[in-house]
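Student: what follows is a protein structure lacking sequence information:
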């Protein structure tokens with residue numbers, strides 16, 4: 001084997017990864033985000049169930065624009081993780097294994113999760129009376 005043609009290092013910003021690889025990485029990232037969010041939401045749930053003052057404090061925690069952005073990211077995480085998990089289960093049953101189907105379903109999952117997240121954000125903003 002000729003070792004001269006092998007790369008010294010891999011620059012991930014130069015390599016064009018296929019959409020299937022990007023979707024797989026996003027699946028792992030969305031799962032990690034969901035796991036990392038558990039302690040914060042357990043804390044928020046705990047203080048909101050204590051009494052009326054705790055509920056008001058939880059409401060105050062969740063009303064900031066940054067937290068709303070984090071919540072939107074977590075909505076995307078749930079949707080992406082769910083849809084890509086279903087896609088991976090179908091692949092386990094040999095459905096959508098060929099390259100064309102895998103590419104198509106990876107695009108569908110990635111775009112559908114982002115699109116539905118934005119729709120949910122618009123509906124939530126409308127229900128809450130706009131941005132606060």
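Tutor: On my side now, so go ahead. Note that the coordinates shown come from a computational prediction; the quantities given were computed from them, not determined experimentally. Numbering: from 1, shown residues only.
Student: scan the chain for its longest helix.
Tutor: The longest helix of the chain (DSSP state H) is helix 19-50.
Student: buried ones in that one?
Tutor: Residues of helix 19-50 classed as buried by neighbour count (16 or more other CB atoms under 10 Å): 20, 23-24, 26-27, 30, 33, 37, 44, 47-48. Backbone N, C-alpha and C define where each C-beta goes, glycine included.
Student: biggest separation within those residues, which pair?
Tutor: Longest distance between any two of those is 41.8 Å, between 20 and 47; criterion CB to CB.
Student: give me the pLDDT value at the most centrally placed residue in the chain.
Tutor: When CA atoms, centre = their mean is applied to the chain, the residue found nearest the centroid is residue 77 (2.1 Å). Per-residue confidence (pLDDT) for residue 77: 96.
Student: list the contacts for the closest residue in space to it that isn't next to it in sequence?
Tutor: Among residues not flanking residue 77 along the chain, residue 30 sits closest, at 3.9 Å (CB to CB, 6 or more residues apart in numbering). Applying CB atoms under 8 Å, 6 or more residues apart in numbering to residue 30 gives the contacts 76-78, 80-81, 84.
Student: include secondary structure and distance to residue 70 when you put those residues into CSV, please.
Tutor: Shown next, in CSV, are the contacts of residue 30 (DSSP: H, G, I helix; E, B strand; the rest coil; distance: CB to CB, whole Å):
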residue, secondary structure, distance to residue 70
76, helix, 11
77, helix, 10
78, helix, 13
80, helix, 15
81, helix, 16
84, helix, 21
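Student: just the closest of the residues you listed to residue 95, please.
Tutor: Distances from residue 95 to the contacts of residue 30, taken by CB to CB, are shortest for residue 84, at 14.3 Å.
Student: tell me the confidence at the residue nearest to that closest one when sequence neighbours are not counted?
Tutor: The shortest distance from residue 84 to any residue other than its chain neighbours is 4.2 Å, reached at residue 27 (CB to CB, 6+ apart). On pLDDT, residue 27 comes in at 94.
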